[in-house]
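> Need a 3D model of the sequence below.
(one chain, ligands or ions: 1)
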Amino acid sequence: MQAVSSPAFSSDLKSVIQTNLTVKRARYTHVDAKRVAVRCGYRSESFSFPNGVGSSRADWQSSCAILASKVVSAENTNGLADQVAAVNGHSNGSVNLSLVPSSETKHGKPGLTQPLTITDLSPAPSHGSTLRVAYQGVPGAYSEAAAGKAYPNSEAIPCDQFDVAFQAVELWIADRAVLPVENSLGGSIHRNYDLLLRHRLHIVGEVQIPVHHCLLALPGVRSDCIARVISHPQALAQTEGSLNKLTPKAAIEAFHDTAAAAEYIATNNLHDTAAVASARAAELYGLQILADGIQDDAGNVTRFLMLARDPIIPRTDRPFKTSIVFAAQEHQGTSVLFKVLSAFAFRNISLTKIESRPHQNCPVRVVGEGNAGGGTKKNFEYTFYVDFEASMAEARAQNALAEVQEYTSFLRVLGSYPMDMTPWSTLPSQDV
Ligand SMILES: O=C(O)C(=O)C[C@]1(C(=O)O)C=C[C@@H](O)C=C1
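Numbers count the residues shown, from 1 in each chain. The predicted structure follows:
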């Protein structure tokens, strides 16, 4: 399958639809128009919070932050979840968090029964076909494996850039996107944090994938003949120590993704080049494995987010995580970050991640008085991303966000979603 690529997206949306998706889109045009109208709020359905906090479904969809605007009582929160779930066309029994025999899936290994699989709680596509999941990379990329874990029966749609995967969902070319946000060795994938803010997709789940790297080359090539190693920068960072030992003289070069690096070597018949990629990429592109398990830490794991156009309804019957992003302005005083973090600490809510990024509209603020009357001090401005372990259906999370809203100028809930609880020991690390 051809990857969805970016230039067409940015230059002419119509043409990408025509070039890449002629057949599929022709089938969906009518349905899509109707669904877009629903997204824009042109639908009569509405719900009201049990204690009188009124809102429409469209409000919920456009910004989950509505829940932070008023505190609702603990007794009412389950009712809220049920009520909203019913509006969303789900009964509470519909959650699919179950043992999935992988022989029935497109992504699993035949014969293996996979343990607890995270699937999101959001509605399946109304056109009734297979869920289409956008990921960045080509077949054999770790992101493809993550998409398969998140949505075992899905159709994976390769995209050449992260931004394209976001747009594929926004344009109804895909139903979900699965994108990496952090790796245990390499740290955060900043680009995706920035894109989360730029786009209006919702986080509906997370999946963690053990990343097991191999050094791949054309059949017959020895490691002492390797003059160049190519791979995704994250993969190169995760194998830096091993590469120093295995190929100390080789030049290290960044590539779009791990599997594309393997494909490039095979396509161009490069005898002096090796790739850091998965065993599956070796199989797909006919390369040999020169070294197996070359990640610098055996427990190397990447966390991916599952994104959808609509949020899922937060619940309290399983562990949930919530991701927010906020920023503050100067007039909001000092110690904003301390105050925000204490809003969670006082309610015993654990934070699992905090990330700061340059403020997208105003990265630097000049303050103070210089000789010519201009400011002298340049304060860097930040946007903060926080993940915490609670569901937005819980009163303590709503109360914490109501407080956070007081200290900040901007607050958005990116999603409240089930945590990936797959037991570490059963993760199929050789799969990817
Ligand atoms: O290149 C790939 O195979 C990817 O899926 C991308 C990616 C990443 O962006 O972090 C995903 C998982 C690994 O951490 C290495 C690379």
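> Near the ligand, which residues of the stretch 51-200 of the chain are found?
Residues of the stretch 51-200 of the chain lying close to the ligand by CB under 6 Å from any ligand atom are 137, 141-143, 180, 183, 189. Placement of C-beta: from N, CA and C, glycine included.
> TSV for those, including pLDDT and neighbour count?
Below are these laid out as TSV (pLDDT from 0 to 100; neighbours: other CB atoms under 10 Å):
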residue	pLDDT	neighbour count
G137	95	28
A141	97	30
Y142	97	29
S143	97	31
P180	97	27
N183	95	21
I189	96	21
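> Now render those residues as CSV, adding secondary structure.
Shown next, in CSV, are those (DSSP: H, G, I helix; E, B strand; the rest coil):
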residue, secondary structure
G137, coil
A141, coil
Y142, helix
S143, helix
P180, strand
N183, strand
I189, coil
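> Looking at those, spot the one nearest V276.
Y142 (11.0 Å; CB to CB).
> picking that back up, tabulate the residues of the stretch 51-200 of the chain next to the ligand in CSV, adding columns for distance to T352.
Formatted as CSV, these follow (distance: CB to CB, whole Å):
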residue, distance to T352
G137, 26
A141, 25
Y142, 21
S143, 21
P180, 16
N183, 15
I189, 16
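> Touching, G137 and I157? I think so.
No. Contact criterion CB atoms under 8 Å: G137 and I157 do not qualify, at 10.9 Å.
> For the ligand, what is the nearest residue in the stretch 301-432 of the chain?
Minimum separation of the stretch 301-432 of the chain from the ligand (CB to the nearest ligand atom) falls at T302, amounting to 3.9 Å.
> mind listing what that residue touches?
Counting by CB atoms under 8 Å, 6 or more residues apart in numbering, T302 touches 142, 146, 180, 182-184, 208-209, 211, 234.
> In helices, which of the residues you listed appear?
Among the contacts of T302, the subset assigned to helices under DSSP state H consists of 142, 146, 234.
> How many neighbouring residues does the second one have?
Taking other CB atoms under 10 Å as the criterion, the count of residues near A146 is 29.
> again with Y382
By other CB under 10 Å, the residues close to Y382 number 16.
> how many other residues sit next to the residue lying closest to it once chain neighbours are set aside?
Of all residues not flanking Y382 in the chain, S356 sits nearest, at 4.3 Å (CB to CB, 6 or more residues apart in numbering). S356 has 15 neighbouring residues, counting by other CB under 10 Å.
> would S356 count as being in a strand?
Yes. Assessed with three-state DSSP, S356 lies in a strand.
> anything in stretch 264-279 near the ligand?
No. Figure legend: stretch 264-279 not in contact with the ligand (CB under 6 Å from any ligand atom); closest approach 6.8 Å.
> Could you tell me the end-to-end distance of that stretch?
End-to-end span of stretch 264-279 (CA to CA, to the nearest Å): 16 Å.
> In it, which residues are buried?
Across stretch 264-279, burial judged by 16 or more other CB atoms under 10 Å covers 264-266, 270, 273-279.
> any idea how far V301 is from Q295?
Counting by CB to CB, to the nearest Å, the separation of V301 from Q295 is 10 Å.
> between the two, what contacts are shared?
Counting by CB under 8 Å, 6+ apart, the shared contacts of V301 and Q295 are V211.
> Compare the two and say which is more crowded by neighbours.
Higher neighbour count among V301 and Q295: Q295, with 23 against 17, using other CB under 10 Å.
> returning to that earlier point: so the residue nearest to Y382 is in contact with T383, correct?
Yes. Contact criterion CB under 8 Å: S356 and T383 qualify, at 7.1 Å.
> ok, A237 - contacts?
Neighbour list for A237: 185-186 [criterion: CB under 8 Å, 6+ apart].
> Now do the SS call for it.
Going by three-state DSSP: A237 is helix.
> now D387
strand.
> give me the element the residue lying closest to it once chain neighbours are set aside is part of.
Spatial nearest neighbour of D387, chain neighbours left out: K353 (4.1 Å); criterion: CB to CB, 6+ apart. Following DSSP states H and E, one finds K353 within strand 351-358.
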